[in-house]
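J.: generate coordinates for the sequence data below:
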Amino acid sequence: MSTFININNREQLKELLLLIDADTKPLWGKMTPQQMVEHLIVSVEYTNGKKIGICDRSAEDALQAKQWGVYTDAEIPKNVILGTLPNEYSYASIELAIEQLMIELHNFDSYFKLSGITSVHGGFGPMNHNEWLTWHGKHFTHHLKQFGVWP
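T.: Residues are numbered from 1 along each chain as shown. Okay, here's the model as predicted:
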C-alpha cells in the first residue's frame, strides 16, 4: 500500500515544503519548486470556494476516473502534464507561496464545515470533503516526491 501525506497535518506539510530550496531541481518534470507550490495553491482554491471547477466528462466517465483516482492506492504517474507552466510567479518568494498555501488550506477546512458541500474536480466531478482530503493527499505527495522530500 502506498503512503500519502495527510494534509490535515499542516505542521508536517509545511516543514516538508520548507525543506525545498527555491533552487532545488525536480527529480522529474519541469516545474520549479515555486511553480509547484503555486500550482498547489491554485488546486486548493478550486476546493475552498475561491474558484469554481468544471468537469467536461460524462458523469459515468468522471465516476470511473474518481474510482481510480480517489478510491485506490494508485499514485499519480510521473511527468503528467496538464496545461502550461506560468512564466511569472504570483508570490515574491517560495516562503510567501507556502504561507499562502497554508491560508488556502485553512479556507478549505472552513469551506467544508457546511453540511453537504461538494466541489467539482476537473476530471472526477463533484467530490465531498473526504474525497478531497484523499485526492489532495495523493496530489501533494506526488509533488513532495518530485522534489525528494517524501519517500
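
J.: quick one: the helices in the chain?
T.: 10-18, 33-45, 59-71, 94-111, 129-146 (DSSP state H).

J.: could the ones you listed go into TSV alongside mean pLDDT and distance to Ile81?
T.: Bear in mind the C-beta positions are built from the backbone N, C-alpha and C, glycine included. Listed next are these as TSV, based on pLDDT from 0 to 100; distance: least, CB to CB, whole Å:
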stretch	mean pLDDT	distance to Ile81
helix 10-18	98	22
helix 33-45	98	12
helix 59-71	97	17
helix 94-111	98	21
helix 129-146	98	13
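
J.: and of those, who's closest to Lys51?
T.: Checking those against Lys51 by CB to CB gives helix 33-45 as the closest, at 4.6 Å.

J.: packing partners for that closest one?
T.: The contact analysis (3 or more CB pairs under 8 Å, 6 or more residues apart in numbering; DSSP states H and E) places helix 33-45 against helix 94-111, helix 129-146.

J.: now those helices in JSON lines, with mean neighbour count?
T.: Below are those laid out as JSON lines (neighbours: other CB atoms under 10 Å):
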{"stretch": "helix 94-111", "mean neighbour count": "18"}
{"stretch": "helix 129-146", "mean neighbour count": "20"}
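
J.: tell me who's in contact with Thr47.
T.: Phe108, Tyr111, Ser119, Trp132, His136 (CB atoms under 8 Å, 6 or more residues apart in numbering).

J.: quick check: closest non-adjacent residue to it.
T.: Residue nearest to Thr47 in three dimensions, not counting chain neighbours: Ser119, with 4.7 Å by CB to CB, 6 or more residues apart in numbering.

J.: give the contact list for the most far-flung residue of the chain relative to its centre.
T.: Within the chain, the residue lying farthest from the chain centre (CA atoms, centre = their mean) is Glu60, at 23.6 Å. By CB under 8 Å, 6+ apart, the contact set of Glu60 is empty.

J.: re earlier: and the helices of the chain: which comes nearest Thr3?
T.: helix 129-146 (7.8 Å).

J.: centre of the chain to that closest one, how far?
T.: 5 Å (CA atoms, centre = their mean, to the nearest Å).

J.: same question for stretch 78-87.
T.: 13 Å.

J.: so what touches that stretch?
T.: Taking CB under 8 Å, 6+ apart as the rule, stretch 78-87 contacts Trp28, Gly29, Lys30, Met31, Gln35, Glu38, Gln146.
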